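Participant: Here is a sequence with its predicted model. Questions after.
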Number of protein chains: 4
Amino acid sequence: MQFFSDNCAPVHPAVLAAMAAANATDAAYDGDALSRALDARFSALFEREVAVLWTATGTSANALALALLCPPYGGILAHEEAHIIADECGAVELQTGGARLIPCTGEGARLTPKGIAERLARIGRSVHQTQPHAVSLSNLTEYGLAYAPDELAAIGALCRASGLALHVDGARFANAVAAHGCTPADLSWRAGVDVLSFGFTKNGAMNAEALVLFEPARAEEARRRRKRAGHLLSKGRFLAAQLHAMLADDLWLANARAANAAAAIVAKAAGARLLHPVEGNEIFLRLTPAEAATLRAQGFGFHDMAPGTARLVTSWHHQAADVAPLAAALAAL
Amino acid sequence: MQFFSDNCAPVHPAVLAAMAAANATDAAYDGDALSRALDARFSALFEREVAVLWTATGTSANALALALLCPPYGGILAHEEAHIIADECGAVELQTGGARLIPCTGEGARLTPKGIAERLARIGRSVHQTQPHAVSLSNLTEYGLAYAPDELAAIGALCRASGLALHVDGARFANAVAAHGCTPADLSWRAGVDVLSFGFTKNGAMNAEALVLFEPARAEEARRRRKRAGHLLSKGRFLAAQLHAMLADDLWLANARAANAAAAIVAKAAGARLLHPVEGNEIFLRLTPAEAATLRAQGFGFHDMAPGTARLVTSWHHQAADVAPLAAALAAL
Amino acid sequence: MQFFSDNCAPVHPAVLAAMAAANATDAAYDGDALSRALDARFSALFEREVAVLWTATGTSANALALALLCPPYGGILAHEEAHIIADECGAVELQTGGARLIPCTGEGARLTPKGIAERLARIGRSVHQTQPHAVSLSNLTEYGLAYAPDELAAIGALCRASGLALHVDGARFANAVAAHGCTPADLSWRAGVDVLSFGFTKNGAMNAEALVLFEPARAEEARRRRKRAGHLLSKGRFLAAQLHAMLADDLWLANARAANAAAAIVAKAAGARLLHPVEGNEIFLRLTPAEAATLRAQGFGFHDMAPGTARLVTSWHHQAADVAPLAAALAAL
Amino acid sequence: MQFFSDNCAPVHPAVLAAMAAANATDAAYDGDALSRALDARFSALFEREVAVLWTATGTSANALALALLCPPYGGILAHEEAHIIADECGAVELQTGGARLIPCTGEGARLTPKGIAERLARIGRSVHQTQPHAVSLSNLTEYGLAYAPDELAAIGALCRASGLALHVDGARFANAVAAHGCTPADLSWRAGVDVLSFGFTKNGAMNAEALVLFEPARAEEARRRRKRAGHLLSKGRFLAAQLHAMLADDLWLANARAANAAAAIVAKAAGARLLHPVEGNEIFLRLTPAEAATLRAQGFGFHDMAPGTARLVTSWHHQAADVAPLAAALAAL
């Protein structure tokens, strides 16, 4: 059983079925009926009017979001281990036209109002220093932590007070919502989020993310930037179909809950090995090379991290029965 | 029956089947077995070693290709009606970091060695003038013309002599190959092409294009630029699967031949109405508003172009029986 | 006597004196007293509140101006022979982050409302086409023509009606003002101009241009972009001093009148040789290679243009007595 | 007496005289005799063939240098307090097209081979992580430390071994050379430096820096990038004249020695207050607000830094007699 990444997981059958059903002649790009229905569909989910653009990757969603929020001569605060800093090969710099990513620190890749405020205080306000225009955070964080609504709202309040926009990289947004049993609104606009990259690909879709704009007036610019970025797929109906399938009957939430539940089982078995609390579907733990080899010999796949540590990721398709052997193997180490 | 665009056409069943078959756990991004097999698969097709990157859109393929061939302070010659100038919202400028698209003219959106040479002659060589580094042309052209191997080779020779790289936007490359009954090699590297955007989406795939690098050493940079552009899909196996399905048993060629054959039937019926020779799967013709209305009343869908003209595009799924009613309707106008 | 370019002319003694006078300890960058006095000084000249930034080159003034007026995904209409298109090596693309320069045509490098309107009409409004955000024109034009206030106002009105900003490349703005005997206001904000590159270097300064913002709220962004562009000189007082010297006693106007007067003498002698009316300080004329050689043999320096044509530029330091020999030589050809 | 910055210092009389002497008609841009003589003049100074471009600011020199050494998708290691990170408002990002500045740490803003190696070791090599292409360091550092030739050579060796180019921000390069009594070659190409920003403006010039390319083949690209950046001044002879004046009779070295000597006097008086050794012309010291007020009441001007600290900068025009009162005042605190 593989626990490399939720990117490696299969696509949910309902998503595949929806894509097959979309295989009829329709308008190109995002002129099709499915794409045109997204704003309304997501507005219902978020309990307010939003504009939504599909895009095929989380990296493009993040970079386009930040291009809307920060000018080329501005800066974006993010955790130094944030995906946009550590794992997107300069995508934000490309789409923003060279904005600066300003690294912050924080336990478990989690930003705090205090940490943000301290970083802000170190930035001179003259024309010589890059001025911050936005904060970007990941929920789940890169170490699997889930900001709670009130934690996020505290950051949102600081952003408002500081004249900063707030972006959430929600590659695992569904897992965060599931973790806190709250609504999507609670972890986004109600907490002061301006733009959300709402990930579906890791959660059962094939290649569809939703760029959610809580200020719909931004959509015109966003759509032009998406085209310019080469991200306006010509048969966009197949991306829209994925999003509709994921929202139908709250499949997105059920999938996230399943992944979180599987992770909880593993976490319990990992016990004192855990490097971070397991709040979503990622498990970071101490594992010696010998222990890692032992697990791999039993057929478990996962990524090594810093020496002596490893990451395991559960996914929507992992049932309790699937992770039980892993939990047992961990306990037996 | 719709003739708006081959972007509106359905996905070929073999492609859908291949995608479904790829729905197993595998490595993320382009580390999966299908992606890793692309270089060899395309090298066989092109009769030489090539490196191939999948990407989800033709716009991204074109822009990434040109970013490899032209520095930010350089220029790219292309027809003034080329897709990269007229219909990609500045994608080339984004990926190249601000290179200049230098518009050329030519009948039917076709470049000629003479036209290129004349345009080159008008560019001063001092530091004040943007220097050309590449030529980009579309085959099929934006008006459906198909450069023949020798025509392309003449341009390739001029490029070599002028120190310019040569890129082909092959959104309908398959149709061009089918039109001339030649090999993919004849319309690419043998004619001096450095990088080819080989389109599959319009020809039966869902969202997969091949960026073909005839100098494989460029692949390292290309892969980093693709990631930076947000075009490295996390479940890339589903794009690779499409390309493999399209190459299997030369489906790409069969599909293109079908589309071309359908267009030929329509073209014959259109007769003197044609604005350009129909060499591939696009038909541009004179059509008064009244005539257009008459056709639409019979259920035929297509795009208006300049006043009094229209474009119809046939696709892989149009059989002779499908276009016969259109041909009859045109003849009856 | 040299007539290559007003860039080759000497610096006016009053400018040199002002620079020497500025050679005392003062604040760095633009914090010095001279720099801080520029807004008020230019506001008086323009009869309204303006914000002014010095910069060392016309190219930087133009590119920074357009970066304020056009987003990276937008386009800027300009004459195909405009300096920003033909002679600035992509500076606008760099500063705007890749905006598109959209070439227009017009006799003598002069834009007209009709020409602009026709070009606009050819641009589709969908997400696929780069949308125009600004018009940039040169006054004097690249062929030495001087837009009159009403001509400019007609273009300004079209821009307002079309939602476009208007920039003037005024490398020879002083010559245009002198040509029409109007005020600086008449050829700028009163005619609908948003940002003006007001050139002084060609007119007696050493390396100082004024970027004039008729909406002072743009200054904050402009100052940050100037720094980012490397154009915030650390001893800025020496640029400010030049501008003050040029404005004192309307030296800028006297210099421009002198240059224009000298050109008029040459133009009269050139007679039917003129390719364009001489409205400022540039003379474009027909000249066979043999004739050009004859003039050069007499010690006159100038640039060849298209075969059989030449450009001569007079400058602030050319007195009537200086150009009389040239006029005589031309008449004698 | 002011000790705010060497940017505030006057221009040396020899420089002013050379500029006045350049005030004759000559070719525009860098086609004049003075500009054309720079390569040879600097090649003699550096004891090898170099190509040199004048530019008006250190920021532009740095950003252009790094644009030559790092692609848009690459990264540049620099100290987190380096001027290019902390005080240039994103200039490097602009000129490189969005390359990433990767912050390193080190006492006194000094990089060490160990620190660089550790930072390198933390960067993954996959396509997801921005790959370093260059190291940039400041000599003097931002805290006035002077890398010695062997220290620099150790970094140069690491760069070569790691496939990284090496750039030196030499805004105070002259002070570093003076500090170590070595040759310019010792602190540049002999130590593995590829491109040097050789500052003159802080050291007695008005607005002229030399971008020194130790691989002259880079000059063609550098000249095009300079023009595109708006940094090709039209009357470039006045910048070239400054550089020639500074090199004549080693004025650059005499000026730097004077500034360093003045700083040494102040440093001796500051004693235990010093935050960093004073190796060049910058003094960083502990100073309570009350003490700072005391000094200011006596007419000494300087910048506050972090709370309880201050920076004083001596300059070429500070004689021993000029700094004696400051030294006395410091000793008397």
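Facilitator: Good, I have the coordinates.
Participant: How about the residues of the stretch 201-333 of chain A by chain B?
Facilitator: By C-beta under 8 Å from any C-beta of the partner chain, the residues of the stretch 201-333 of chain A that approach chain B are A:201-202, A:206-207, A:224, A:227-235, A:238-239. C-beta here means a position set from N, CA and C on the backbone, and glycine is covered the same way.
Participant: Apply 10 Å and report the result again.
Facilitator: Within the stretch 201-333 of chain A, the positions adjacent to chain B are A:201-202, A:205-207, A:209, A:223-239, A:301, A:315, A:317 by C-beta under 10 Å from any C-beta of the partner chain.
Participant: so A:Ile102, which of the three states?
Facilitator: Put simply, A:Ile102 is strand when judged by DSSP: H, G, I helix; E, B strand; the rest coil.
Participant: ok, is the host helix or strand of A:Ile116 in contact with chain C or not?
Facilitator: According to DSSP states H and E, A:Ile116 maps onto helix A:113-121. No. Judged by C-beta under 10 Å from any C-beta, helix A:113-121 makes no contact with chain C; its nearest approach is 17.3 Å.
Participant: what mean pLDDT would you report for that helix?
Facilitator: Helix A:113-121 shows a mean pLDDT of 97.
Participant: in that helix, what's buried?
Facilitator: Neighbour-count burial for helix A:113-121 flags A:Pro113, A:Gly115, A:Ile116, A:Arg119, A:Leu120 (criterion: 16 or more other C-beta atoms under 10 Å in any protein chain shown).
Participant: Any chance of CSV for the residues you listed, columns distance to chain B?
Facilitator: CSV is the format used below for the buried residues of helix A:113-121 (distance: C-beta to the nearest C-beta, whole Å):
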residue, distance to chain B
A:Pro113, 30
A:Gly115, 28
A:Ile116, 26
A:Arg119, 25
A:Leu120, 28
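Participant: follow-up on the earlier one: restricted to helices, list the residues of the stretch 201-333 of chain A next to chain B.
Facilitator: A:Arg223, A:Arg224, A:Arg225, A:Arg226, A:Lys227, A:Arg228, A:Arg237, A:Phe238, A:Leu239 (DSSP state H).
Participant: returning to that earlier point: tilt between the helix or strand following the helix holding A:Ile116 and helix A:113-121?
Facilitator: Downstream of helix A:113-121, the first helix or strand assigned by DSSP H and E is strand A:131-138. Here strand A:131-138 runs at an angle of 150 degrees relative to helix A:113-121 (axes from the mean of the first three to the mean of the last three C-alpha atoms, to 10 degrees).
Participant: Near chain D, list only the ones from the buried residues of helix A:113-121.
Facilitator: Near chain D, judged by C-beta under 10 Å from any C-beta, there are no entries from these.
Participant: Would you check that A:Leu137 makes contact with A:Ala78?
Facilitator: Yes. Proximity of A:Leu137 to A:Ala78 meets the contact threshold set by C-beta atoms under 10 Å, at 6.9 Å.
Participant: Can you pull the residues that touch both of those two?
Facilitator: Here A:Leu137 and A:Ala78 have A:Ile84, A:Cys104, A:Ala109, A:Leu111, A:His167, A:Asp169 as joint contacts, going by C-beta atoms under 10 Å, 6 or more residues apart in numbering or on different chains.
Participant: Mind putting those residues into CSV with secondary structure?
Facilitator: Below are the shared contacts of A:Leu137 and A:Ala78 laid out as CSV (three-state DSSP):
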residue, secondary structure
A:Ile84, helix
A:Cys104, strand
A:Ala109, helix
A:Leu111, coil
A:His167, strand
A:Asp169, strand
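Participant: Out of the residues you listed, the closest to chain D would be?
Facilitator: A:Ile84 (11.1 Å; C-beta to the nearest C-beta).
Participant: still on that earlier bit, from the residues of the stretch 201-333 of chain A next to chain B, which are also near chain C?
Facilitator: Among those, chain C is touched by A:Arg223, A:Arg224, A:Arg225, A:Arg226, A:Lys227, A:Arg228, A:Ala229, A:Leu232 when using C-beta under 10 Å from any C-beta.
Participant: List the contacts of the fourth one.
Facilitator: For A:Arg226, the contact set (C-beta under 10 Å, 6+ apart) comprises A:30, A:53-55, A:60-61, A:64, A:67, A:95, A:211, A:219, A:232-233, B:89, B:230, C:73, C:127.
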